[in-house]
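[1] Model the following, please.
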Amino acid sequence: LVQFLQELTKDRILIAPVREHELVSFSPVADAGKVDFTFQNSFVPPKSWFFPQTEQIFSFRIEDGKYELSAPSLPGGTVLFGVHPCDLKSILALDPVFDGKFDDNYYCTRRKNTIIIGLGCQSVGRNCFCFKVGGGPLESNGADIFLTPTGGDFLAEGVTNQGTDLINKHSRFFSDSSAEQVDKEKREGTDRLLKQSTGLKGDFNLPKVKAFLDANYEIPYWEDLSYRCLGCGICTYLCPTCHCFDINDYARSGLEGERIRCWDSCQFKDFTLMAGGHNPRPSKKERVRNRFMHKFKYHEDRYNIFGCVGCGRCVQKCPVNIDPRKIILDLQEVAGND
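    Next up is the predicted model:
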């Protein structure tokens with residue numbers, strides 16, 4: 001596998017998980033030997049390749065009374081390697097946002113130029129709950145090629161035509177396996193991984209939660225939950241489906257500068273503050289409610305996919321232990337008593 005990835009670097013940019021100071025991040029890789037194949041989850045999700053935390057939209061210059069605008073050059077052929085199933089699903093949730101009614105050229109160009117190689121999970125973290133929100137640790141949907149770990153080796157599936165073509169082009173790195181063998185390995189692997197789960201017990205019924213949220217906007221629950229929230233925004237910055245952004249112009253001088261897009265958060269008070277001073281979400285209650293309404297109602301309403309993929313990053317990093325798993329169970333209980 002290392003040799004295959006190294007071969008890909010000859011004519012493509014390779015973005016892959018690399019471990020540094022105990023944190024795994026998706027970074028450009030020249031030496032495939034540095035790729036981490038056994039990580040549970042990256043700190044920042046791989047959405048940052050398609051939707052960078054900070055990116056230039058254009059630069060501007062005024063010369064002789066004339067304006068000159070220059071768009072940045074975007075990356076060409078790329079392989080995004082090592083994307084776990086939860087993050088694969090998150091990219092599918094972002095696609096209709098940036099490539100739907102309105103096309104975002106920056107996102108769409110990166111997406112079009114990128115082949116995604118998914119990597120099945122080899123272990124389940126205590127905060128992972130993908131299988132409770134319609135996913136699974138060996139789900140291949142969203143990848144072009146998907147690799148299932150089999151204890152030293154990997155079973156490779158060509159999920160899309162683009163992925164199959166890449167496998168065929170580099171066939172010397174692969175050997176044949178039957179569809180039955182792939183199904184057997186994935187079924188047994190999924191069973192093994194589900195038995196490792198040590199998270200909150202209880203089944204999720206997201207359609208039931210959504211039906212309750214459809215009919216109940218003002219409930220005391222959000223006020224109670226908001227007392228704990230610090231409004232730090234770490235949940236949204238690390239979430240693989242959150243996509244709020246801000247746009248700012250920076251002038252290096254009076255004659256030149258650039259327009260920048262950067263991540264923002266609906267958990268910040270200033271995010272919805274309008275020029276006239278009105279703020280439709282003036283308190284933490286409205287902002288906390290918006291976060292979970294977006295995950296379990298709004299995104300499903302608009303794009304027919306829930307906005308939570310069960311990666312567990314927000315569970316792990318929230319300083320006050322606001323846990324969406326517990327919130328889902330709470331809402332289910334309230335819905336059952338309603």
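
[2] Can you tell me the SS state at the closest residue in space to Asp264 that isn't next to it in sequence?
    In this structure, Asp264 finds its nearest non-sequential neighbour in Asp246, 4.2 Å apart by CB to CB, 6 or more residues apart in numbering. (Glycine included, C-beta is placed from N, CA and C.) State at Asp246, reduced to three classes by DSSP: H, G, I helix; E, B strand; the rest coil: strand.

[3] My reading is that Gly189 lies in a helix. Confirm?
    Yes: secondary structure of Gly189 (three-state DSSP): part of a helix.

[4] contacting residues around it?
    Gly120, Pro137, Leu138, Thr148, Pro149, Thr150 (CB atoms under 8 Å, 6 or more residues apart in numbering).

[5] so where's the stretch 101-250 of the chain uncertain?
    198-200 (pLDDT under 70).

[6] change it to 90
    Within the stretch 101-250 of the chain, the set of residues satisfying pLDDT under 90 comprises 101, 125-126, 150-153, 175-203.

[7] mind listing the helices for it?
    Taking DSSP state H, counting those that start in this stretch to define them, one finds helices in the stretch 101-250 of the chain at 105-112, 161-169, 179-196, 206-215, 220-226, 234-238.

[8] TSV please, covering the contacts of Gly189 and showing distance to Ser70 and neighbour count.
    Output for the contacts of Gly189, formatted as TSV (distance: CB to CB, whole Å; neighbours: other CB atoms under 10 Å):
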residue	distance to Ser70	neighbour count
Gly120	42	24
Pro137	44	24
Leu138	45	24
Thr148	44	22
Pro149	45	18
Thr150	49	16
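
[9] biggest separation within these, which pair?
    Maximum pairwise distance in the contacts of Gly189, criterion CB to CB, is 13.8 Å, between Pro137 and Thr150.

[10] just to revisit the earlier point, would a markdown table of the contacts of Gly189 with distance to Gly82 be doable?
    Below are the contacts of Gly189 laid out as a markdown table (distance: CB to CB, whole Å):
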| residue | distance to Gly82 |
| --- | --- |
| Gly120 | 10 |
| Pro137 | 14 |
| Leu138 | 14 |
| Thr148 | 13 |
| Pro149 | 11 |
| Thr150 | 16 |
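
[11] so who does Arg12 touch?
    Residues near Arg12 by CB under 8 Å, 6+ apart: Gly76, Gly77, Thr78, Val79, Ile115.

[12] Spatially nearest residue to Ser177 (excluding sequence neighbours)?
    Closest to Ser177 by CB to CB, 6+ apart is Leu155, at 6.0 Å.

[13] residue contacts, that neighbour?
    Taking CB under 8 Å, 6+ apart, we find Leu155 in contact with Leu147, Thr148, Ser177, Gln181, Val182, Glu185, Lys186.

[14] buried subset of these?
    Buried by 16 or more other CB atoms under 10 Å: Leu147, Thr148, Val182, Glu185, Lys186, out of these.

[15] and the gap between the first one and Val97?
    Leu147 is 27 Å from Val97, where distance means CB to CB, to the nearest Å.

[16] of all the helices of the stretch 101-250 of the chain, which lies closest to Gly336?
    helix 206-215 (8.0 Å).
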